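Asks: have a look; sequence and predicted model below, questions after that.
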Amino acid sequence: MRTCLKDPIPELFDAARYLDAAVSAHLDGDGDLADRLIRKADMAPVRDWTESLWGKGGPWTRPLPVSDQPPKLPKAERVPVRMPTAEERLALLRRDGHHCRFCGLPVLDKRVREALRRHYPAALPWGRRNVEQHAAFQALWLQYDHVLPHARGGGNGLDNVVITCAPCNFGRTDLTLAEAGLCDPRDRPPVRSTWDGLERLFRPTPRGVPTIVCS
């Protein structure tokens with residue numbers, strides 16, 4: 001049994017460091033440096049790694065022959081889909097941190113991407129197609145993933161939801177852990193680090209003025 005679908009490549013962590021430095025540059029008022037670092041994080045190997053994981057008919061969408069797995073339910077029989085509330089998201093972040101519970105990648109909430117994109121739209125593309133999206137923000141995109149998939153009867157309780165990166169979430173699709181050949185991420189402790197998900201963008205300065213105004 002594996003801990004994740006595919007081991008992260010070093011370039012993913014390089015990209016996270018570039019984005020971390022870009023946010024520091026932005027908060028220091030050096031927009032030119034922030035722009036350059038955001039562009040530097042848009043790396044072809046990162047995109048290739050992500051593309052190798054997700055997509056209909058991809059290598060990770062074929063279930064292993066495991067018996068006694070919950071069936072895929074008709075939509076009318078599934079638990080109603082909803083995103084975690086703000087309070088639940090905070091609880092998940094306190095529990096899991098800003099790291100994927102499967103592969104350990106540092107992750108970023110879409111609010112961070114949207115805020116930076118307003119300042120650096122040319123450096124941070126986010127089109128409708130995968131190929132038109134910034135590779136690092138795509139790969140490190142924070143998700144709230146159902147351990148037992150929603151399509152297989154999984155509920156929305158925090159005991160069944162973990163923080164993951166987008167490739168681990170979308171790569172597994174609606175396979176159970178057994179069908180994907182994965183260990184249960186809840187059986188090992190979350191990654192602990194100084195990575196803050198770049199949430200410092202939204203923290204007040206010493207003068208009490210927001211670092212980024214989200215309009």
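Replies: Okay, I see it. Residues are numbered from 1 along each chain as shown.
Asks: quick one, longest helix in the chain?
Replies: helix 10-27 (DSSP state H).
Asks: what's the average pLDDT for that helix?
Replies: Per-residue pLDDT over helix 10-27 has a mean of 98.
Asks: can you tell me what sits against that helix?
Replies: In this structure, residues lying in contact with helix 10-27 by C-beta atoms under 8 Å, 6 or more residues apart in numbering are 31, 33-35, 37-38, 40-43, 45-46, 49, 105-106, 108, 116, 119, 135-137, 139-140, 195, 198, 200-201, 211. Every residue, glycine included, has its C-beta placed from N, CA and C.
Asks: redo that, cut-off 7 Å
Replies: If you take C-beta atoms under 7 Å, 6 or more residues apart in numbering as the criterion, helix 10-27 is touched by 33-34, 37-38, 40-41, 43, 45-46, 49, 105-106, 119, 136, 139-140, 198, 200-201, 211.
Asks: so how far is that helix from its chain's centroid?
Replies: Put simply, helix 10-27 sits 15 Å off its chain's centre (C-alpha atoms, centre = their mean, to the nearest Å).
Asks: could I get the buried residue list for it?
Replies: 11-12, 14-16, 18-23, 25-26 (16 or more other C-beta atoms under 10 Å).
Asks: check contacts around residue 1.
Replies: Per C-beta under 7 Å, 6+ apart, neighbours of residue 1: 181, 182, 183.
Asks: what's the answer for residue 127, then?
Replies: Taking C-beta under 7 Å, 6+ apart, we find residue 127 in contact with residue 133.
Asks: before we move on, which element is residue 143 in?
Replies: strand 142-146 (DSSP states H and E).
Asks: for stretch 67-86, how far is the first residue from the last?
Replies: For stretch 67-86, the first-to-last residue distance is 37 Å (C-alpha to C-alpha, to the nearest Å).
Asks: now tell me what touches it from outside.
Replies: 92, 144, 150-153, 155-156, 161, 174, 176, 178-179.
Asks: in PyMOL, how would I select the buried members of the residues you listed?
Replies: Command for PyMOL that selects the buried part of the contacts of stretch 67-86, burial taken from 16+ other C-beta under 10 Å:
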select buried, resi 92+144+150+151+152+153+156+161+174+176+179
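Asks: so can I have JSON lines of the contacts of stretch 67-86 showing secondary structure and pLDDT?
Replies: Formatted as JSON lines, the contacts of stretch 67-86 follow (DSSP: H, G, I helix; E, B strand; the rest coil; pLDDT from 0 to 100):
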{"residue": "92", "secondary structure": "helix", "pLDDT": "97"}
{"residue": "144", "secondary structure": "strand", "pLDDT": "97"}
{"residue": "150", "secondary structure": "helix", "pLDDT": "95"}
{"residue": "151", "secondary structure": "helix", "pLDDT": "95"}
{"residue": "152", "secondary structure": "helix", "pLDDT": "96"}
{"residue": "153", "secondary structure": "coil", "pLDDT": "95"}
{"residue": "155", "secondary structure": "coil", "pLDDT": "94"}
{"residue": "156", "secondary structure": "coil", "pLDDT": "94"}
{"residue": "161", "secondary structure": "strand", "pLDDT": "97"}
{"residue": "174", "secondary structure": "coil", "pLDDT": "92"}
{"residue": "176", "secondary structure": "coil", "pLDDT": "96"}
{"residue": "178", "secondary structure": "helix", "pLDDT": "96"}
{"residue": "179", "secondary structure": "helix", "pLDDT": "95"}
